[in-house]
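Q: Need the 3D shape of this:
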Amino acid sequence: MNFLLNLFVSALALYAVSQLYSGVHFAPGAGALDIALAALVLGLVNALIRPVLGLLSLPITLLTLGLFALVLNGLMLWLTAQFTALDVDGLGAAVVGALLLSAVTWVLNAVTGALGAGREHR
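A: Next comes the predicted model:
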């Protein structure tokens with residue numbers, strides 16, 4: 001159940017970012033299934049590829065005092081757009097979109113946590 005809630009929050013956050021920022025948008029005619037697929041692919045990219053790139057880019061991340069992590073987040077969003085109906089207008093737009101996506105996801109996670117939806121029942 002927690003997986004489905006996280007997928008829903010991610011999909012809602014992606015949709016919200018596509019409505020708030022013109023640099024990140026979905027292809028015309030994209031539906032709810034396309035948005036959910038983009039959220040799933042983004043989760044897979046963040047789980048499988050981001051740790052490897054994070055480790056490889058650790059020296060530059062340390063040199064930039066962590067700011068390169070923002071570029072990595074943008075790269076993950078851009079990579080997701082290569083395989084889904086999500087469209088990103090370049091790396092700069094991907095970095096801004098990733099920042100917005102982080103903020104929107106944080107707010108949505110706070111709301112679902114406050115509603116008690118994220119708690120496990122024992």
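Q: what comes up buried for stretch 57-70?
A: Of the residues in stretch 57-70, those with enough neighbours to count as buried (16 or more other Cβ atoms under 10 Å) are 57, 61, 68-70. All C-beta spots, glycine's among them, are computed from the backbone N, C-alpha and C.
Q: Residues in contact with that stretch: which ones?
A: For stretch 57-70, the surrounding residues in contact (Cβ atoms under 8 Å, 6 or more residues apart in numbering) are 54, 72, 95, 98-99.
Q: measure it end to end?
A: Using Cα to Cα, to the nearest Å, the end-to-end distance of stretch 57-70 comes to 12 Å.
Q: so for that stretch, what's the average pLDDT?
A: Model confidence over stretch 57-70 averages 96 on the pLDDT scale.
Q: quick check, distance from that stretch to the centre of its chain.
A: Between the centre of stretch 57-70 and the centre of its chain there are 19 Å (Cα atoms, centre = their mean, to the nearest Å).
Q: show me what contacts Ala30?
A: The neighbourhood of Ala30, defined by Cβ under 8 Å, 6+ apart, consists of Ala85.
Q: what separates it from Ala38, distance-wise?
A: Here the criterion is Cβ to Cβ, to the nearest Å. By it, Ala30 lies 8 Å from Ala38.
Q: Overlap of the contact sets of these two?
A: Listed as contacting both Ala30 and Ala38 by Cβ under 8 Å, 6+ apart are Ala85.
Q: Mind listing what's buried along the helix or strand Ala93 falls within?
A: Element membership of Ala93, judged by DSSP states H and E, is helix 91-114. In terms of neighbour count (16+ other Cβ under 10 Å), helix 91-114 has its buried residues at 93-101, 104-105, 108-109, 112.
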